[in-house]
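# Okay, predicted coordinates and the sequence, questions at the end:
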Amino acid sequence: MRILVVEDTEDLADAIVHRLRKLGYAVDWAADGNEAEELLRQEAYQLVLLDIMLPGMDGQALLARVRRRRDATPVLVMTARSEVDVKIDLLDLGADDFIVKPFDLRELEARCRALLRRSHGLSASKAQFGNLTFDAAAKKVEVEGRPVEVGGREFRLLELFLSNLNTVMSKEDLMDRLFSLDQPTALNAIELYVSRLRRKLDGASLEIRTVRGLGYVAEIRTPG
């Protein structure tokens, strides 16, 4: 999953980016509204964390522009203002959620998970797919009750496949969602991660098939 953090306070931005990358998310950072606007026009994100008080274009103006062009990317607003009227205005502008500064990074993580889960039609963090259990909150994977150790990026790759079952995903699309702009990589890295995931999920109901010339598709095998 790829996240854009729009925050002009460098220390806070660094803390958020570091925390989310440690969890396996691909994260880009913009320090002002104009830079963020350019990135949102050029790149595809699954979530935006947006500060309101920004140099250049402020967060409210950026949010309004994003929604005017019918961009439905979930937006979590980070604001130091807790007044009810401010929250109402932000929600009416198109914000999906908000968090008041200062905040605990654990709460931020939980709100990110909730918005990403909602955008992919998942009702809870823990879900069952045949004999495979996926727990986004605990960051755990089990096959028939057996714990499966996966790395951060493997976990996010699995999350992508489970969120897009029966849909062919190209290597380019997977790469865009798994790696940040400052983490250049080659397409064969995707092949390596898919190979590792297949090996670790041996015996699981989930099958990741290669579709020649197109990419990969994840399907749930039915018994028998």
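Received it, and whenever you're ready, just let me know what you need.
# Bridged to the closest residue in space to residue 129 that isn't next to it in sequence, which residues?
Nearest residue to residue 129, sequence neighbours excluded (C-beta to C-beta, 6 or more residues apart in numbering): residue 220, at 5.5 Å. Yep, even glycine has a C-beta here, placed from its N, CA and C like the rest. Assessed by DSSP bridges, residue 220 has beta-bridge partners residue 206.
# what does residue 30 give?
residue 6.
# Just give the number of residues close to it.
24 (other C-beta atoms under 10 Å).
# hang on, isn't it packed against residue 41?
No: counting by C-beta atoms under 8 Å, residue 41 is not a contact partner of residue 30; they are 11.9 Å apart.
# which ones are touching the residue nearest to residue 129?
129, 130, 165, 205, 206, 207 (C-beta atoms under 8 Å, 6 or more residues apart in numbering).
# which of the residues you listed are buried?
Neighbour-count burial (16 or more other C-beta atoms under 10 Å) applied to the contacts of residue 220 gives 129, 205, 206.
# before we move on, the earlier item: so for the residue nearest to residue 129, what's the pLDDT?
Note for residue 220: predicted pLDDT of 93.
# Can you show me the strands along the protein?
2-6, 26-30, 47-51, 75-79, 97-100, 126-129, 132-135, 140-143, 146-148, 206-211, 215-220 (DSSP state E).
# Can you tell me which of those strands is nearest to residue 183?
strand 26-30 (7.2 Å; C-beta to C-beta).
# quick one: contacts of the helix or strand of the chain with the lowest mean pLDDT?
One helix or strand of the chain scores below all others by mean pLDDT, DSSP states H and E: helix 84-93, with a mean of 87. Residues outside helix 84-93 that contact it (C-beta under 8 Å, 6+ apart) are 52, 60, 63, 64, 67, 77, 79, 98.
# run the last query once more with 7 Å
Outside helix 84-93, the residues within contact range by C-beta atoms under 7 Å, 6 or more residues apart in numbering are 60, 63, 64, 67, 77, 79, 98.
# which two in the residues you listed are spaced the farthest apart?
67 and 79 (17.0 Å).
# who has more neighbours, the two?
residue 79 (20 against 15).
# nearest spatial neighbour of the more buried one, skipping sequence neighbours?
Distances taken as C-beta to C-beta, 6+ apart place residue 52 nearest to residue 79, at 4.8 Å, with adjacent residues excluded.
# Residue 130 too?
Nearest residue to residue 130 in three dimensions, chain neighbours excluded: residue 205, at 2.4 Å (C-beta to C-beta, 6+ apart).
# I'd assumed residue 134 was in contact with that neighbour.
No: with contact defined as C-beta atoms under 7 Å, residue 205 does not reach residue 134; the gap is 11.4 Å.
# Could you chop the chain up by domain?
If you go by automatic domain parsing, the domain ranges for the chain are 2-119, 126-220.
# what residue ranges in the protein are flagged as low confidence?
120-123, 184, 223-224 (pLDDT under 70).
# just checking, what's the longest helix in it?
For the chain, the longest helix by residue count, based on DSSP state H, is helix 105-119.
# Show me what that one is packed against.
When contacts are defined as 3 or more C-beta pairs under 7 Å, 6 or more residues apart in numbering; DSSP states H and E, helix 105-119 packs onto helix 10-22, strand 47-51, strand 75-79, strand 97-100.
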